[in-house]
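[1] pasting the sequence and the predicted model now:
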Amino acid sequence: MDGLYHIIEAQQFSREVMKGIFGLTREMEQVVSRYGSNILNRRIMATLFYEPSTRTRLSFEASMYRLGGQVITTESAREFSSAAKGETLEDTIRIVEGYADVIVLRHYESGSARRAADVAAVPILNAGDGPGQHPTQALLDVYTIQKEIGRLDGIRVALVGDLANGRTARSLAYLLTKYEDVKLYFIAPDMVRMKDDIKAYLAEHGVAFVEEEDLMKIMPEVDVVYQTRIQRERFGDRIADYEKVRGKYIIDPAAMAVLSDKAIVMHPLPRVDEIDQAVDKDPRAAYFRQAHNGVYIRMALLQMVLEA
Amino acid sequence: MDGLYHIIEAQQFSREVMKGIFGLTREMEQVVSRYGSNILNRRIMATLFYEPSTRTRLSFEASMYRLGGQVITTESAREFSSAAKGETLEDTIRIVEGYADVIVLRHYESGSARRAADVAAVPILNAGDGPGQHPTQALLDVYTIQKEIGRLDGIRVALVGDLANGRTARSLAYLLTKYEDVKLYFIAPDMVRMKDDIKAYLAEHGVAFVEEEDLMKIMPEVDVVYQTRIQRERFGDRIADYEKVRGKYIIDPAAMAVLSDKAIVMHPLPRVDEIDQAVDKDPRAAYFRQAHNGVYIRMALLQMVLEA
Amino acid sequence: MDGLYHIIEAQQFSREVMKGIFGLTREMEQVVSRYGSNILNRRIMATLFYEPSTRTRLSFEASMYRLGGQVITTESAREFSSAAKGETLEDTIRIVEGYADVIVLRHYESGSARRAADVAAVPILNAGDGPGQHPTQALLDVYTIQKEIGRLDGIRVALVGDLANGRTARSLAYLLTKYEDVKLYFIAPDMVRMKDDIKAYLAEHGVAFVEEEDLMKIMPEVDVVYQTRIQRERFGDRIADYEKVRGKYIIDPAAMAVLSDKAIVMHPLPRVDEIDQAVDKDPRAAYFRQAHNGVYIRMALLQMVLEA
């Protein structure tokens, strides 16, 4: 794990690095079941959130506490009084690095995590920079597939919903190129289809993909259904279109009936109604387990960067 | 204390259960005077507040820290980004239970603590659900009477102020039915008199109560004066009525002069001017001690549910 | 250090007391480099902020964590639900002292820290009370000069920018009267010149001072340039005046070229553009080190008041 210091973007993780992270993540599950460790005792993590993301913040904070560390936190840019007075992100980082041993940054601008890392004397963990990256989410998604299905090579994944704007679906497609014999199915309304940049990237890296209209046809063929939320705003005035496509892509008991017994359903959450609540009790509904995996992944990353 | 897991409503506490809680609460006062314990070391409490209640939140957090635990916190629904996107309370609970070993929930809707408990894999502590319950406040009130007066059987308590809307006065009346030979005095403006449901409940459980107009007449007869705030909003346009009743029910040095030497004045706080600040130095003014008892009660409950 | 309990205003620190504080502060730098101590284990600090000041809050919280303590925090008056209902500061203090062993207070009203101390049963640390005092900032400024320049007696300091409204510049001038043979240079636009009360105070205490127009003329003569932000609002409609004076008082590479090799540039931060970012890499740019010193000063104060 030499060289793991700043965590900025999914591209920095090779297959080998991910193997190391996932091995440590499995150990972290044991640590939590023993109510934590003291390995980061007396270390301080700053959660510097320029936009609210409560789940991500709480997940990081729980991770730090499980390892015996402490947290200083600021929850929104509106509250960050210095930013309101015109302070640059770089200045804020140079101040906060005097308070903490690691900084978790959430920002509304793409590229801000990289800017922070360029000046920081402590590790920066990118917790989402606008439409850009959210690498810890991408890692926990891949980890969840590995843990639930038992392999990543040869995996067949259906990405469903808003594939144009959903940061998570795009990142997952990206990371899966690191594995062999992967096949992706894109199931999205016309308005929010997977963009050409990712398709070109997949083609270049030898990942097979198909675009499909019919969710029910694909359900029996895949190991993973990765559902995402379709935002009404994307459809503007075309509300009838929105209602139509939305209805077509809901995971409900009927869809589950044709899903393989060993397959799983994932979702980055929050979920609205694109997965029927009747599905929650199905053992193949993996989305809450997926959310919980975020704590273990972040514990592994915190330990790695603070011991680097 | 078998079976103490979720803390949802005052009704779940029998006289026997309260005796057990109060015994542990007394021990907790000793723990705080020794600057805390480590019994909940490496445990995490989530304070999930859908509406702000700073005192309640800080009191719970202090309780957890005094026992060596850690806290992850979210202060308001507006900040809870997932809720803003339409996530249900149930989904939020199923995510946060992956981050914490116990969840303290404050919510604006009656019944929400019960809904949370129905899906939660960790204990839920109700820190107030709208007009519904606030059981830790009710317990600390009863504990304060026990500690200050030395008994609960045979106690005479005047409830003063807004008895129609004040959640605390209603809960206290409810819990006191568990004790013998209790007598209650209701002293409230017409607009905000104690409601019939509580009166019927008291009658059914053999608790004597009277409604009185004259605070000064009652002061010498009681062990406890439980004052509450009368909210101007309840009177709408009838401001003259509001000003008149308000003046009648202020606890000031003149009222204290006729109160028994061994009696006490309580208030759930915040206090505006319904207790004259000149009363604060009187040793019978128990309201700040009452607030501090909240930490000990919550420590006892946290230890009980986390060791259950 | 007998008698150090509440930290309310710069006036309470004699030269001798500051010497003691600074000695302990130097030890704290060692403590942080060893990742903290456990001396305040199980102690709780409440940060009670009636107006946001993220840097000050995070700095205090980091200080408490570095010493092994815990923190309960409220970030803004708007969120402080009891205050919204009309609770007095005094009542809030009497409640929170039941939750914490020390209270750090930030308030928008001058004199509020003194009011809090008058009723508090635990130490109050003033983290800024409106236009009034911010004594921990004043101490960290003096500490920074001592540490960077190696002495305080005989020091020559240029105070630049808004000297009328800048609380920090005024406090620094005040504290420097405790040392021998100090000379101050005031370099400020007419609208925001140093006020007569401070000048009279300096004259009375034998501190030499001059008012100067030309920053470049003064740069070679001083040990410390203490830059502050000029707020546009102070100039009302006179925007042309604002732009003119602002340009005159920017610290840029040209200004640094005439500054002594052993001198330093300080700034209370946040900085907008009154110090050119090109200066940041100059070893004489001490403003980020100055901000970091705040953690050590606050650690020293927390240890002193909690062991008093």
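    Structure received.

[2] what about the helices in chain A?
    For chain A, the helices defined by DSSP state H occupy A:15-33, A:54-66, A:81-84, A:89-96, A:112-119, A:135-149, A:167-176, A:196-204, A:215-218, A:239-248, A:253-257, A:287-307.

[3] figure out which of those is closest to C:Gly68.
    helix A:54-66 (14.8 Å; CB to CB). Every C-beta, even on glycine, is put in place using the N, C-alpha and C of the backbone.

[4] contacts (any at all) between chain C and that closest one?
    No. Helix A:54-66 lies out of reach of chain C by CB under 8 Å from any CB of the partner chain, never closer than 11.1 Å.

[5] what does the average pLDDT come to for that helix?
    For helix A:54-66, the mean per-residue pLDDT is 96.

[6] for chain B, tell me whether that helix is touching it.
    Yes. Interface with chain B: helix A:54-66 contributes A:54-55, A:58-59, A:61-62, A:65-66 (CB under 8 Å from any CB).

[7] and which of those residues is nearest to B:Arg94?
    Lowest distance from B:Arg94 to the residues of helix A:54-66 next to chain B (CB to CB) belongs to A:Arg55, with 11.5 Å.

[8] would you agree the closest one is in contact with B:Gly98?
    No. Counting by CB atoms under 8 Å, A:Arg55 does not reach B:Gly98; the two are 9.8 Å apart.

[9] between these two, which contacts overlap?
    A:Ala291 (CB atoms under 8 Å, 6 or more residues apart in numbering or on different chains).

[10] A:Ile275 touches A:Tyr287, doesn't it?
    Yes. With contacts counted by CB under 8 Å, A:Ile275 reaches A:Tyr287, the gap being 7.2 Å.

[11] what sits closest to A:Leu202 if chain neighbours are left out?
    Excluding its sequence neighbours, the residue lying closest to A:Leu202 (CB to CB, 6 or more residues apart in numbering or on different chains) is A:Phe209, at 5.4 Å.

[12] my guess is the one you found contacts A:Lys199, does it?
    Yes. Shown here, A:Phe209 and A:Lys199 form a contact pair, counting by CB under 8 Å, at 6.8 Å.

[13] helices and strands of chain A: which one bottoms out on pLDDT?
    Lowest by mean pLDDT, DSSP states H and E among the helices and strands of chain A is helix A:81-84, with a mean of 67.

[14] identify the contacts common to A:Ile275 and A:Tyr287.
    A:227, A:265, A:267.

[15] tell me the residues of chain A that contact chain B?
    A:35-37, A:52-55, A:58-59, A:61-62, A:65-66, A:68, A:75-76, A:229, A:269-272, A:277, A:288, A:291-292, A:294-295.

[16] again, only this time at 6 Å
    A:35-36, A:52-55, A:58, A:61-62, A:65, A:270, A:272, A:288, A:291-292 (CB under 6 Å from any CB of the partner chain).

[17] what does the residue in chain A that chain C sits nearest to show for phi and psi?
    Closest to chain C within chain A is A:Gly98: 3.2 Å, counting by CB to the nearest CB. Main-chain torsions, A:Gly98, degrees, to the nearest 10: phi -80, psi -10.

[18] and the residue nearest to it when sequence neighbours are not counted, how close does it get to chain B?
    Distances taken as CB to CB, 6+ apart place C:His292 nearest to A:Gly98, at 3.2 Å, with adjacent residues excluded. Relative to chain B, C:His292 is positioned 26 Å away (CB to the nearest CB, to the nearest Å).

[19] and for C:His292, the neighbour number?
    Close neighbours of C:His292, defined as other CB atoms under 10 Å in any protein chain shown, add up to 20.

[20] what does the pLDDT read for it?
    98.
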